[in-house]
Each structure stands twice: as C-alpha cells, then as structure tokens.
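*Asks:* Prediction below, plus the sequence it came from.
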Amino acid sequence: MPLFIGVSFAVLLIIGVPIGFSLGITSLMAIYKSNMPVLLNIMPQRFFAGIDMFPIMAMPFFMIAGDLMNRCRITESLIEFANVLVGHIRGGLAHSNILASIFFAGITGAAVADSAALGSTLIPAMVKDGYDEDFSAAVTAASSVIGPIIPPSTIMVIYGSIMGVSIAGLFAAGIIPGILIGLFLMVMTYVIALKRNYPKKQHMASLAEIWRTFRKSLLALVLPFIILGGILGGFFTPTEAAAVAVFYAFFIGFFITRTLKLSDLPQIFLNCAKSTGVIFLLMSTASILSFFLASERIPELLAGAMLRISENPLVLLFLVNILLLVVGMFMDITAALLILAPILHPIAVNLGVHPLHFAIIMVVTLNLGLMTPPLGACLFVVCGITNLTIEQVTREILPFIIMEVIVLFLITFIPTISMSVPKLLGIM
Amino acid sequence: MKATSFPEYVSVAIDKTMGIACIGFGMVMTISTLIGILFRYVMTNPLPWTEELARYTMIWMGLLAVSMGVRREAHLGLNLIVNQLPNRIQWVIKYITRLLIGIFLYILMIYGYKMAMNGVHQTMPALRLPMICVLIAVPISALVSLVQLVLISVIDLTGREK
C-alpha cells in the first residue's frame, strides 16, 4: 500500500495534475485499493477539517494588509530610506535593494509580492545608475526570499496551523535568520560591486536626511511593530494582529496617504480570495491524504527508513536540508510544506530538535526554491519585469544562492540563531 | 473578458458571481474579526459569535475561490516533463488529467452533500445555526469547480476565438 500511494502520487504529478488535485486523487485511489468504500465518507470531512482553523485566517488577512500597504505608495519611501542608510557603500543601490527587502518583509508575508513591488522600481533605477540588468534582477529576486522569513509570513501561518506550532514563536524565530540572510547577501554584493566597480553615493547621508526619509517611511515601518508587538506581547492572537494590520493599512491608505479608493477594495479582496482558494485546496486535500498516510502508518515507516540511515540529529538535519532544497526547486513551497512537514516534523522533534528550530529550517530551505531555476517564482517575476531569460538571471543569482545556502547551514547547525529571540521573549 | 460563445458566457457569469460572493465573504470575515477585537479589548465585553462567523465566512470564501482557480488553471502542478512532449500527446494528457480531476470533484460533491445533510441536526456552538450552512460549502465548491472544469474543456475543444 505505501508503495501504491507513492507511485500513484508520483505518476499524477508527472502527468501534470495540479498538486492539490493529485493529493485528492491519490486518496481516492487508496480508498478503492483498500476496498472499503465507507472511507469515502471521511473524505469530505477531512477536506473540511483541513481548513476549519481559526489561526489560518491570519494568512488571508496578511495578504490583504500587504496589498493595501502596497497601494499606500510606501515602496518609494522605503527604498529612499534604505538608500539613505546604505547608499554610500560600494554598490549602494544593490544594498538598498536588500535592505528595502528586509523592511518590506515586515509588511508582506510573501516573496513574490516583494519581487514585484521592489523590482519594478529598483531594477530600472539600478540600470540607470550603471548596474548590469541581470545583476539587478538577481539581487531583487535573491533578497525577496527574506520576505517570508521575517514576520509576518503566510508560510509560517500555514506551518503553525497544521502542525500546531506557536505562530508567535515562529514569527519571533524568523527575525534573526531573515536579517542574517540580508547581511550575507550584502557581503556578496559588496564583493561583486568592488570587482565590477559599481557606483555608490558620494557621501554618507546627513542625520537630517536620515530623519526626513525615516519620517516619510515611518507609517510603513511601524506596521511590523504593531503586528509583532501585539502578538509577542500577548495582546493579540496572530489572526487578530493580522486583522488589525488590515485595519491599520486601510486607515493609512484612506485617511493619511489618501492613495486608496473604496473602489480598490473589491479587487484587493478578490485577489486575496483567489490566492486563498489555491492554498485551501492544497490544505484540504493534503488533510485527506495525511489521514490515509497515518492510517497506513506511513509516516512511521518513512521515519524508520530515515533513522536507519543515521540517528544523529545533525546528519539527519543535513539530509533534510538536501531533500528540501531539491524538492523546493521543483515544487510549490506551500504544497511541499503541506506534504512534508507532517512527515519530517515528528521525526526531527523525536530526535530532540526544537519544533520552532525545525520549522525555521523547513521554511528557509523551501524558500530558496523561490529563487532557484527551473521554477523559482521570484525568478519569473524579475524576468517578467526585465525581459531577461531565466538563464541570464540564473548566472548572476548563483553567488547569492551560495550565500543563502551557507546561512541555511548556519541556521541548521546553530540553533541559537533562530531560538534566541523566542527564548528572550519567553515563548518556547 | 468578452464572452464569444455560450459556454464562455456561462463560465464568465459563474466566475463573476463567485467573485462577488468571495468579496462579500472576505469583507464579512474581516469586519467580524475586527468587531470581535473591538468588543473584547475596547468594550471588554466579548461577543461569542465573531470568531465563528469569521471562520465560516473564510471557509466559504476559500472554497468558492477554488472554482476560480480551476477556470484560470491557477492550481499549480509540475508541467516541466509534460511540456517536453509533442503537442498531440500533451493534449491527450491534459484531458486525462481533467477527467481525473472531474472524478475527484464528482465524488467530493456526492459525499460532501451526504456530509452536509448529516449536518442538518448539528448546531454551531455560538451562532446557533445548523452546521449544514457551512458544510454545504464543500459540495457547492466541488459542483461549481466541476462545472467550470467541463466548461473550460468544452471551450478548449470548440477552440477559443482568437
């Protein structure tokens, strides 16, 4: 039976059945093979239970809040503020791109949105300033993977909801890894910029200039503190904090920047519903399949197989890194998470890896798939903006991928990197 | 989006209806959660039903939106391998996958309906409505997705107007 389930799923994926439906059809095949049609009654129940969760609501809320904030025209002020802070370093605009991604990460929960918003402004600006276009696109794609690692993060909301891990804890644990990735990318940028003699701003910004741009972007910079402060301080659940973020962004756009129109709202809600629909189908059908996997004790079988390779947690984490990097290259991050987290998470936790630490490893590793060929979503976004081919951007993004893999190994083997903030806040 | 044939007209009309419903559910979800926060923290008099209403409208929104994804083929799969094959074979495989998806949606619809009917006598803890009001979203979602799947298949077969 385990072999039958595995082979059916693989065949369905290979012939191009959408992953969400592949999960459901595999369950159907498993039911027919087991010759117990009564199990069909369980299918819709699991389908419903897979999304009947209050915490997951933070996901659509963060999508709406991010979309609203984008329409508040905060992108330019954030880029300007980042440029004032790091523009005087060699390769200034590239550093600003990375720093702006970190700021942006505190507003949106998805990487693709970061690539699109920052890329459409920054790539043309960088080209005008004398940077190579493929390099500019590569920096944009590479830095936008920070988006889902620094909270808020839709992928962490999904992880927390399905695995019963504290979303507040995940948010706290993601902060330092996200900033670390930013720093490593900046180091690589500096090296490349020196070699190619990329421009920089003549002089450091004056304090007055920093203050002026800071004030302009304050409205956007405050949001992550409201979200994180509210959740980590115990005032709000993540879902409530996300709803407050929606309200905040709406208030800003409608009353302060006045760039938002009431007639924009239907489109924003429609976009959110469409993305939610795709993710809900995955969650629902993954929930059906995981029932059958569990009833066939397949997670235990796989765990046994993995433990036979090694019982050393470090070796196993390394293998998980490799597995997820490969899977992330080919599979959508949400789908990969929904399929693999229920299997890998318990194995790791049994070996003494902290649940939050393991969750961060999974999120960071799968995220790298957003910027790796052949299917990196962020690559497609920057290629769409620039008319470059995937191959051209891939050549330039390779050094950044190497840096992020280094950070990944640091995060994997030094738990303190992710665990110190949750520990400090006493939520673990 | 201009409808040029009858199936396309129907497909667009259903999609628009679903879109409007999703927007409505999304707004109720947001406002309900915000009202919940307002009453709990500001008026310190929590309302029992806001969380439940938000959760069930979220389910309606997400499930109805599944059909919009079916229509746009937005539910992602791995097309890397199939795309290497000759066009004719790709075409055959596409209809096999659609047939499989159709079977899944059909079974989900039938058994989802049975589940919803069993929910007639269950009551939501806070809203005091019968559970069928939200459980029925499962078969309806499957039904609308199935209809959209058939429609886009018919539209593809008859050839979309260029």
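*Replies:* Cool, the structure landed.

*Asks:* so what pLDDT did the closest residue to chain B within chain A get?
*Replies:* When scored by CB to the nearest CB, chain A has residue A:277 as its residue closest to chain B, at 2.7 Å. For every residue, glycine as well, the C-beta is placed using N, CA and C. According to the prediction, residue A:277 has pLDDT 96.

*Asks:* Tell me which helix or strand the residue nearest to it when sequence neighbours are not counted sits in.
*Replies:* Distances taken as CB to CB, 6 or more residues apart in numbering or on different chains put residue B:65 closest to residue A:277, at 2.7 Å, once the chain neighbours are dropped. If you go by DSSP states H and E, residue B:65 is part of helix B:50-72.

*Asks:* What residues of that helix count as buried?
*Replies:* Neighbour counts over helix B:50-72 (16 or more other CB atoms under 10 Å in any protein chain shown) mark B:50-71 as buried.

*Asks:* Packing partners of that helix?
*Replies:* Under the contact criterion of 3 or more CB pairs under 8 Å, 6 or more residues apart in numbering or on different chains; DSSP states H and E, helix B:50-72 touches helix A:58-70, helix A:265-295, helix B:6-37, helix B:132-135, helix B:137-158.

*Asks:* Need the CA coordinates for that helix. PDB is fine.
*Replies:* Output of helix B:50-72 as PDB, limited to C-alpha atoms (Å, rounded to 0.1, in the frame of the first residue of the first chain):
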ATOM      1  CA  THR B  50     -17.400  36.800  15.900                       C
ATOM      2  CA  GLU B  51     -14.700  34.200  15.700                       C
ATOM      3  CA  GLU B  52     -17.100  31.500  14.400                       C
ATOM      4  CA  LEU B  53     -18.700  33.800  11.800                       C
ATOM      5  CA  ALA B  54     -15.200  34.900  10.600                       C
ATOM      6  CA  ARG B  55     -14.000  31.300  10.400                       C
ATOM      7  CA  TYR B  56     -17.100  30.100   8.500                       C
ATOM      8  CA  THR B  57     -17.100  33.000   6.100                       C
ATOM      9  CA  MET B  58     -13.400  32.300   5.500                       C
ATOM     10  CA  ILE B  59     -14.200  28.700   4.600                       C
ATOM     11  CA  TRP B  60     -16.900  29.900   2.200                       C
ATOM     12  CA  MET B  61     -14.600  32.400   0.600                       C
ATOM     13  CA  GLY B  62     -11.700  30.000   0.100                       C
ATOM     14  CA  LEU B  63     -13.800  27.100  -1.100                       C
ATOM     15  CA  LEU B  64     -15.800  29.200  -3.600                       C
ATOM     16  CA  ALA B  65     -12.500  30.600  -4.900                       C
ATOM     17  CA  VAL B  66     -11.300  27.000  -5.700                       C
ATOM     18  CA  SER B  67     -13.600  27.200  -8.800                       C
ATOM     19  CA  MET B  68     -12.000  30.500  -9.900                       C
ATOM     20  CA  GLY B  69      -8.600  28.700  -9.800                       C
ATOM     21  CA  VAL B  70     -10.000  25.800 -11.800                       C
ATOM     22  CA  ARG B  71     -11.200  28.200 -14.500                       C
ATOM     23  CA  ARG B  72      -7.900  30.000 -14.700                       C
END
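
*Asks:* picking that back up, give me whichever of the helices and strands packed on helix B:50-72 is most buried.
*Replies:* Mean neighbours per residue, mean count of other CB atoms under 10 Å in any protein chain shown, is largest over the helices and strands packed on helix B:50-72 for helix A:58-70, with a mean of 27.

*Asks:* and the helix or strand just after it, what other elements does it pack with?
*Replies:* Counting by DSSP H and E, the element after helix A:58-70 in chain order, helix or strand, is helix A:75-86. With contacts taken as 3+ CB pairs under 8 Å, 6+ apart, helix A:75-86 sits against helix A:92-105, helix A:111-128, helix A:207-232.

*Asks:* what about helix A:75-86, distance to the chain center?
*Replies:* 22 Å (CA atoms, centre = their mean, to the nearest Å).

*Asks:* Direction-wise, compare it with helix A:111-128 and give the angle.
*Replies:* Angle, helix A:75-86 to helix A:111-128, by axes from the mean of the first three to the mean of the last three CA atoms, to 10 degrees: 60 degrees.

*Asks:* CA atoms only for helix A:75-86, dumped as CSV, please.
*Replies:* Once non-C-alpha atoms are left out, helix A:75-86 reads as follows in CSV (Å, rounded to 0.1, in the frame of the first residue of the first chain):
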residue,chain,number,x,y,z
THR,A,75,7.5,51.4,-1.7
GLU,A,76,9.3,54.6,-2.8
SER,A,77,9.7,55.9,0.7
LEU,A,78,11.0,52.6,2.0
ILE,A,79,13.6,52.5,-0.9
GLU,A,80,14.6,56.1,-0.3
PHE,A,81,15.1,55.4,3.4
ALA,A,82,17.1,52.3,2.7
ASN,A,83,19.2,54.2,0.2
VAL,A,84,19.9,57.0,2.7
LEU,A,85,21.2,54.3,5.2
VAL,A,86,23.4,52.2,2.9
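
*Asks:* Let me see the mean pLDDT of that helix.
*Replies:* pLDDT averaged over helix A:75-86 gives 91.

*Asks:* try stretch A:309-320
*Replies:* Here the average pLDDT along stretch A:309-320 is 91.

*Asks:* Next: stretch B:117-135.
*Replies:* 89.

*Asks:* what does stretch A:421-428 give?
*Replies:* Here the average pLDDT along stretch A:421-428 is 84.

*Asks:* Name the residue closest to the centre of chain B, please.
*Replies:* Residue closest to the average C-alpha location in chain B (CA atoms, centre = their mean): residue B:64, at 2.5 Å.

*Asks:* Just to check, that one is in contact with residue B:24?
*Replies:* No: applying CB atoms under 8 Å, one finds residue B:64 not in contact with residue B:24, separated by 10.0 Å.

*Asks:* How about the contacts made by residue A:356?
*Replies:* A:165, A:166, A:169, A:170, A:173, A:418, A:419, A:422, A:428 (CB atoms under 8 Å, 6 or more residues apart in numbering or on different chains).

*Asks:* Many thanks, I have nothing further to ask.
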